[in-house]
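Enquirer: what follows is a predicted protein model with its sequence.
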Amino acid sequence: MPRDNSKPSLIQKIATQAQIAFKNCNDGKDFLSNLAELSALLGDIRAADLNITPPKKKSSGSGTRARRRAPVTYMHICETRTFSMGVFALRSGVSIPLHDHPGMNGMLKVLYGKVRIRCFDKLDGPPEPDPESGTVSGAESGTVPKDAVCLAALRSSGEFTQQSAPCVLSPSEDNLHQIDALDGPAAFLDILAPPYDPDDGRDCHYYRVLRKTSKNGDEKKGDETVCLLEIPQPEDFWCGSEPYPGPKVTM
Ligand SMILES: [Fe+2]
């Protein structure tokens, strides 16, 4: 049977809806309903819709060849001034380190495998420095200058599979996250709005959790307050690229 090309693919519908939703993201009520529609479309997407096949679990990097394969690869699908969309594929046992998305919205939908996502919010105000030294002590690194650290609250930690609803972040909520592949390789569809752009103040920063702190922590709500240290991109984490094999998306 020839393919019916008159119907848009699901990934095309997602791209079209992302453009509508995020182009008008300051329009409160419309934004929420457009976002709900986008979330519903994302909830239906599966790896097969993008012609993506999960690799075998043995691709964990424990092979005998000393090739330095990228722990994570990115398949670019499309990008406009409003949003970018692509697929991140994580090898078994890999983590995308804790990082931020300054001033950006995001939606993440697992396509195969299982990931743990830990989301943080940055909190106002600096961590309490040591009164004598003026530095902030970190559990692992001794002391660091106070302007290199910030406070953040752990907002959620959950496991996501292809059955899960999309994980959502906004400029003010759940904006920092760490993503760990659990029990084998994993992949997720990622939408960021607007896209990262270092020239427009939207560069990606990486962080390490220095220590837990009780300051400002709302332990009744289950939030955990931590002290974060901004770090360079970790040496064992980098992102390669591979071609996107799915239906063409036009914007
Ligand atoms: Fe991210």
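Expert: Right, received. Where do you want to start? Computed from a predicted structure; not experimentally measured.
Enquirer: please report phi then psi for the closest residue to residue 238 other than its chain neighbours.
Expert: For residue 238, ignoring the flanking residues on the chain, the nearest one in space by C-beta to C-beta, 6 or more residues apart in numbering is residue 70 at 5.8 Å. Bear in mind the C-beta positions are built from the backbone N, C-alpha and C, glycine included. Dihedral pair for residue 70: phi -60, psi 130, per degrees, to the nearest 10.
Enquirer: hang on, residue 70 packs against residue 96?
Expert: No. With contact defined as C-beta atoms under 8 Å, residue 70 does not reach residue 96; the gap is 11.8 Å.
Enquirer: okay, these two: which has more neighbours?
Expert: More crowded of residue 70 and residue 96, by other C-beta atoms under 10 Å: residue 96, with 20 against 15.
Enquirer: circling back to that earlier point, from residue 79, how far off is the residue nearest to residue 238?
Expert: With distances defined as C-beta to C-beta, to the nearest Å, the gap from residue 70 to residue 79 amounts to 20 Å.
Enquirer: strands of the stretch 101-250 of the chain, start to end?
Expert: Taking DSSP state E, counting those that start in this stretch to define them, one finds strands in the stretch 101-250 of the chain at 105-122, 135-138, 142-145, 149-160, 167-169, 176-193, 206-212, 224-231, 239-241.
Enquirer: distance of residue 78 from residue 18?
Expert: Taking C-beta to C-beta as the criterion, residue 78 is separated from residue 18 by 9 Å.
Enquirer: okay, and the common contacts of these two?
Expert: Residues touching both residue 78 and residue 18 (C-beta atoms under 8 Å, 6 or more residues apart in numbering): residue 85.
Enquirer: the two: who's more crowded?
Expert: The neighbour count for residue 78 versus residue 18, taken as other C-beta under 10 Å, is higher for residue 18 (27 against 18).
Enquirer: which of the strands of the stretch 101-250 of the chain has the lowest mean pLDDT?
Expert: Within the strands of the stretch 101-250 of the chain, confidence is poorest for strand 135-138, with a mean of 57 (mean pLDDT).
Enquirer: tell me which residue lies nearest the centroid of the chain.
Expert: residue 177 (6.0 Å; C-alpha atoms, centre = their mean).
Enquirer: ok, now which ones touch that residue?
Expert: Here residue 177 is in contact with 98-99, 117-120, 167, 169 (C-beta under 8 Å, 6+ apart).
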